[in-house]
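In: Kindly return the folded structure for what I paste below:
(chains A and B)
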Amino acid sequence: MELLVASAIGILTAAGIYLVQRLRTFPVIIGVSLLTYAVNVFLFASGRLTIAAPPILNDAETYTDPLPQALVLTAIVISFGMTAVVVMMALGAYLGADDDHVNEPAESDPAKRRSQDREDAA
Amino acid sequence: MSLFLVALLPFLGALLPGLMNSAGRQACAGVTGAVTAAALIGLLTNAPAVLSGQVVRAGIDWLPGIGLNVNLMLDPLGFFFACLILGIGLLIIVYARFYLSRDDNMGEFFTYLLLFQGAMVGIVLSDNILMLLIFWELTSLSSFLLIGYWKHLPEGRQGARMALTVTGMGGLALIGGMLILGQAAGSYDLSVILERRDVIQASPLYVPALLLILLGCFTKSAQFPFHFWLPHAMAAPTPVSAYLHSATMVKAGIFLMARLWPVLSGTPEWFVLVTGAGLLTMVLGAVIALFKHDLKALLAFSTVSHLGLITMLLGTGTAFGAMAAVFHILNHATFKAALFMSAGIIDHAAHTRDIRRLGGLRRLMPITFVIATLGALSMAGIPFLNGFLSKEMMLEETLHTTLFGTPWLVPVLAVIGSLFSAAYSFRLIAHTFFGPARDDYPETPHDPGAGMWLPPAILIVPVVAIGVAPFLAEPFVRLVTSAVLGTTAVAPDVHFKIWHGLVPALWMSVAAVTGALVLLALFAPALRLWDAAPRPEAKVIFDRIIAAAVAAARALIQPLHDGAFTRYGAIMVATVTAAGVHAWSTGTVGPAAYDMMPLDAIAIAAWLMLAAATLSLVFLHRNRLLSLILLGIVGLIVSIGFVYFSAPDLALTQFTVEVVTTILMLLALNFLPNTTPVESTVLRRTRDAVVAVAGGLGAMAIAYHYLLRDPVAESISAFHLANSYKGGGGTNVVNVILVDFRGFDTFGEIIVLGIAALLIYALTEALLDGPIRARLLNRKPDQPRAGDIHPLMMVVLTRVIMPVVLMVGFYIFLRGHNDPGGGFIAGLIVSIAVVMQYMASGFSWATARLRYPYHGVIGTGVLVAGLTGMGSWFFGKPFLTSDFAYVRIPPFEKFELATAALFDLGVFLAVVGAVMLSLESFSRLARRAHVPDSEHAMDIDPSRDTGEPTRPAKGV
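Out: Residues are numbered from 1 along each chain as shown, chains lettered A, B, ... in the order given. Here you go, the predicted model:
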């Protein structure tokens, strides 16, 4: 069972990393979401895997570790906030420049970039 | 007065001028002067103790772990400098009040001045070298602000930058040097370091420490080859120049050399470096000064020259040299500050500082003439003025100084320096004040009001008094000298006298003055010679060095930081993986502590679905809608996994978040292209795949090994399980952790969530405010729209289930403390209920029925949570201490009331507000110009049907 969970984390991580390295914003956002799953599951699993022992106090003998659950719960909600901000930024960039590339366009002329720097500095 | 107060007063006072700015220039200068005077009086209350030979101390431990203690020390040396800083500072403030024009922001000026003053006082009072370093850097920063005070002048800005670059770099070197010194001495307290001369000089760290410290001192005190910044700093207002370059900033380097004299001096390295640099600076500065036409530039180079003189005297390493240095510091501070102020007066009155355009001012400006002439004659070393006495001592000392094995070298160079020094002093007098009065001054010169001439006049009083009656200064100078010498030597039993008899030093002096008069007579040909001679321009060289440094930095950064985020990502993943492999291969891994749990069919089926969905996602990600669906599947299986592994709260959260995230992404896809084109090459994709698989395998390996072993430290989870019911009053431990044990974390998290939502709102506003708005409004959808976007069935259904969903949310919220649920989950459920109304009935219909703005909901949530936390203060408990009680109101069963529930309500509200504000912002982008907002929920509504068949509106 542990191997199953670990390999699921591995698959999610690998797919997330691959998608994060794509050139357009949307696959990058999907990749980040996959990485979020992977990280959340990993954090959750750090409390060890327990079946049928939820941390609801009753007369049971054992309970699963509640602490990682509490941490992951807020992490899930926060990651929604983060995804929303990233999506909004991607959308703003696309609407502004009509281009959803992640990378800056390669600047062939260094002189032009320098003048850009100067404008920024000014 | 406590030393702490003396050191703090200027900093505290720095707040006042800005506040008083609107009260007028008089008030502004008055309050600044009052602060400085208070600090000076506070300093003088310590005078009896200091003069009787005690060392006044004050100290508290600040960070004893790294040896940083706030220890202040006032010995005669520190007292001497603090008096100069505060005393001359007071005169400068009076002078500046009348010097600055109405256009200058006086509050800003005096704020900078007080900051600078505080930093200087801090340097001279510090007993801890780490604290001294902090003040040292503060002087660099505040002098930058002062030099660049006239921001509209390019020379001012460039001069300020140059000063900051040079002194800042020196400051960095000094930090290194001081840390090494502290290591060598075994303490960072000056009073301890000063007693460990033998240990430090025997240490192999002595030479690097000495080099770095001298680098700091030389840059600050403008010693060759770092002298070039000082003249450029003359672009500052004259009060700044007078203050920084006579008594304070440039004397900081001198002070430090004097302060560390007992431990650093006396070695060949010290002697060669300090004496050599000082001698060279003295001669070079004097020669350049003679040929400068700008009064302030002349004074600037003369300052460089005199600083060289003092440095050289300190370098000799003898007690007599140290005494001469101390005496000259005093004398130079008085006459040079007076001279700078006179130059400012002339500039103010004649509107030029160019000597070539001046001359004949002695009748027009008699008071200034007297002040400047006395100052300049003292600078030239003419008897009956204080400059003469210390110059005689300097010449006397050079006769006993042998550099590079040539006994005549130092005396000859000293005479040449004195000659040029006297020459430029004479030139200043002759070419400014003598000669015929001209009729082409830019402005008719006249003496200024008393406010401007009184400060330099006050400074001239000691110049003359000490010059005529040297014995006045003798005890004090001797006291300060013995403080410089510390335990290494006894202050020499020298008596300050005007007439020592026909000693060699007198002949040297006579030679210098005579030579100077000859040189002045031959000034015109000498100037032609000087102008014809090629010489390096320091600013050009400096600018070239800076440009080269910028080019080098750019050459390094631009290839590394080229804006290709995918490459950064690949490099980061590869690095982390490599670091993990390294840790793995070098670290130790214990044997597995647990056996693997047996597999079952459900788990295998879920794993297969997850793997299939994820892999399909990788291969089919170009179809964006499909990838969203696949992502939903992944999320769903993760939720199921949470249920399976005993985490019902997580499952509920993940599931509801999944719904809102999908809606959000769909809203975004509305605007983004529907497919991702193929752009990267096969090679590139292979590279990415290799990196990704490596990262995935690494994550898997870590997870697998971690799952079968115990953590290194014992987990604190048992505490939460044990105390959840007893202390928190709830049986759902996860919820109790969220709202009670770690309530402060949760409080922070809802704030972060709120900020994220507000950020989205702000970005939307920015988009809708700019040129994008028109494009959005005129956008043509790239897909055919449904004819009936808000169908009757859906509208009715969502309205019917709305109360049901709200009820579920309410139930989930209430049971949260004891069963799976709580504020986070309830908030998400309620948000979904509201979003459904938007989707079914349209944006404008839903907005029209919105009673409270979502920002307000977020704010209320955070406030409710915060106030609940603060409530515990009233019971003398720390923030967010929760309490609970069981109450019974007939006819209900006994039930629990917990303050944690109130906190959870705050969480609930913040989550609802944040989710709704995000989604609403996205929806606002979707409105279009040619599609009128419908106020009706349904596009086809039988109750509105008038019998005429109407075409349904297209869009939205």
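
In: When you work out contacts or count neighbours from here on, use the C-alpha atoms and nothing else.
Out: OK.

In: Do you know the pLDDT at the spatially closest residue to residue B:896 that is not a sequence neighbour?
Out: Leaving aside its sequence neighbours, residue B:896 sits nearest to residue B:886 (Cα to Cα, 6 or more residues apart in numbering or on different chains; 4.3 Å). Residue B:886 is assigned a predicted lDDT (pLDDT) of 80.

In: so residue B:886 sits right up against residue B:894, yeah?
Out: Yes: under the criterion of Cα atoms under 8 Å, residue B:886 makes contact with residue B:894 at 6.6 Å.

In: Just give the closest residue to residue 105, not the sequence neighbours.
Out: In the absence of a named chain, this looks at chain A. If the residues on either side of it in the chain are set aside, residue A:105 comes closest to residue B:563, at 7.8 Å by Cα to Cα, 6+ apart.

In: sorry, should have said chain B
Out: Residue B:105 sits nearest to residue B:21 (Cα to Cα, 6+ apart), 7.9 Å away.

In: phi, psi of whichever residue of the stretch 401-550 of chain B sits closest to chain A?
Out: Scanning the stretch 401-550 of chain B for the residue nearest chain A gives residue B:550, at 11.2 Å (criterion: Cα to the nearest Cα). Per-residue torsions, residue B:550: phi -60, psi -40 (degrees, to the nearest 10).

In: cool, the one 10 residues further on as well?
Out: With angles defined as degrees, to the nearest 10, residue B:560 sits at phi -80, psi -40.

In: Could you measure from it over to residue B:567?
Out: 10 Å (Cα to Cα, to the nearest Å).

In: okay, those two: which has more neighbours?
Out: Comparing residue B:560 with residue B:567 by neighbour count (other Cα atoms under 10 Å in any protein chain shown), the higher total belongs to residue B:567, at 16 against 12.

In: Any part of the strand or helix carrying the more buried one near chain A?
Out: Assigned by DSSP states H and E, residue B:567 belongs to helix B:565-586. Yes: Helix B:565-586 reaches chain A (Cα under 8 Å from any Cα of the partner chain) through B:565, B:566, B:567, B:569, B:570, B:573.

In: List the residues that contact the third one.
Out: The one in question is residue B:567. Contact analysis of residue B:567 by Cα atoms under 8 Å, 6 or more residues apart in numbering or on different chains lists residue A:21.

In: And the strands in the stretch 51-200 of chain B?
Out: Taking DSSP state E, counting those that start in this stretch as the test, the strands found in the stretch 51-200 of chain B are B:56-63, B:68-74.

In: mean pLDDT for those: which is lowest?
Out: Per-stretch mean pLDDT for the strands of the stretch 51-200 of chain B is lowest at strand B:56-63 (a mean of 79).

In: from the stretch 1-150 of chain B, which residue is nearest to chain A?
Out: Residue nearest to chain A within the stretch 1-150 of chain B: residue B:148 (16.9 Å; Cα to the nearest Cα).

In: surely that residue meets residue B:164?
Out: No: the criterion here is Cα under 8 Å, and residue B:148 misses it with residue B:164 at 10.2 Å.

In: any idea which helix or strand carries residue B:331?
Out: Per DSSP H and E, residue B:331 falls inside helix B:319-350.

In: Which strands and helices lie in contact with that helix?
Out: Secondary-structure packing of helix B:319-350 (3 or more Cα pairs under 8 Å, 6 or more residues apart in numbering or on different chains; DSSP states H and E): helix B:76-99, helix B:238-242, helix B:295-316, helix B:366-380, helix B:386-399, helix B:450-468, helix B:474-485.

In: deepest of these, which one?
Out: Of all the helices and strands packed on helix B:319-350, helix B:295-316 carries the top mean neighbour count, a mean of 29, counting by mean count of other Cα atoms under 10 Å in any protein chain shown.

In: So for that helix, mean pLDDT?
Out: pLDDT averaged over helix B:295-316 gives 90.

In: One more: stretch B:30-38?
Out: Stretch B:30-38 shows a mean pLDDT of 89.

In: May I see the buried residues of that stretch?
Out: By 16 or more other Cα atoms under 10 Å in any protein chain shown, the buried positions in stretch B:30-38 come out as B:30, B:31, B:32, B:33, B:35, B:36, B:37, B:38.

In: Same question for stretch B:216-226.
Out: B:216, B:217, B:218, B:219, B:220, B:221, B:222, B:223, B:224, B:226.

In: how about residue B:81, what does it touch?
Out: B:124, B:255.

In: for the one 5 residues further on, same thing?
Out: When contacts are counted by Cα under 8 Å, 6+ apart, residue B:86 touches B:36, B:37, B:39, B:40, B:117.

In: Check which helices and strands the longest helix anywhere in chain A is in contact with.
Out: Ranked by number of residues, the top helix in chain A under DSSP state H is helix A:66-97. Packed against helix A:66-97, as judged by 3+ Cα pairs under 8 Å, 6+ apart, are the following elements: helix A:25-45, helix B:648-669, helix B:717-728, helix B:733-736, helix B:743-769, helix B:899-925.

In: and if we set it to 10 Å?
Out: helix A:25-45, helix B:648-669, helix B:717-728, helix B:733-736, helix B:743-769, helix B:772-777, helix B:823-841, helix B:899-925 (3 or more Cα pairs under 10 Å, 6 or more residues apart in numbering or on different chains; DSSP states H and E).

In: out of those, nearest to residue A:11?
Out: Closest of the helices and strands packed on helix A:66-97 to residue A:11 is helix A:25-45, at 8.4 Å (criterion: Cα to Cα).

In: returning to that earlier point: shared neighbours of residue B:148 and residue B:164, anything?
Out: Here residue B:148 and residue B:164 have B:142, B:158, B:233 as joint contacts, going by Cα atoms under 10 Å, 6 or more residues apart in numbering or on different chains.

In: Hmm, residue B:230 and residue B:250 touching each other?
Out: Yes: counting by Cα atoms under 10 Å, residue B:250 sits close enough to residue B:230 to count as a contact (8.6 Å).

In: So which of those two has more stuff around it?
Out: Between residue B:250 and residue B:230, counted using other Cα under 10 Å, residue B:230 has the larger neighbour count: 28 against 24.

In: just to confirm, which helix or strand has that one in it?
Out: Using DSSP H and E, residue B:230 falls in helix B:229-232.

In: Only the buried residues of that helix, if you could.
Out: For helix B:229-232, burial by neighbour count (16+ other Cα under 10 Å) applies to B:229, B:230, B:231, B:232.

In: how much space is there between the first one and residue B:250?
Out: Read it as residue B:229. Distance from residue B:229 to residue B:250, by Cα to Cα: 11 Å.
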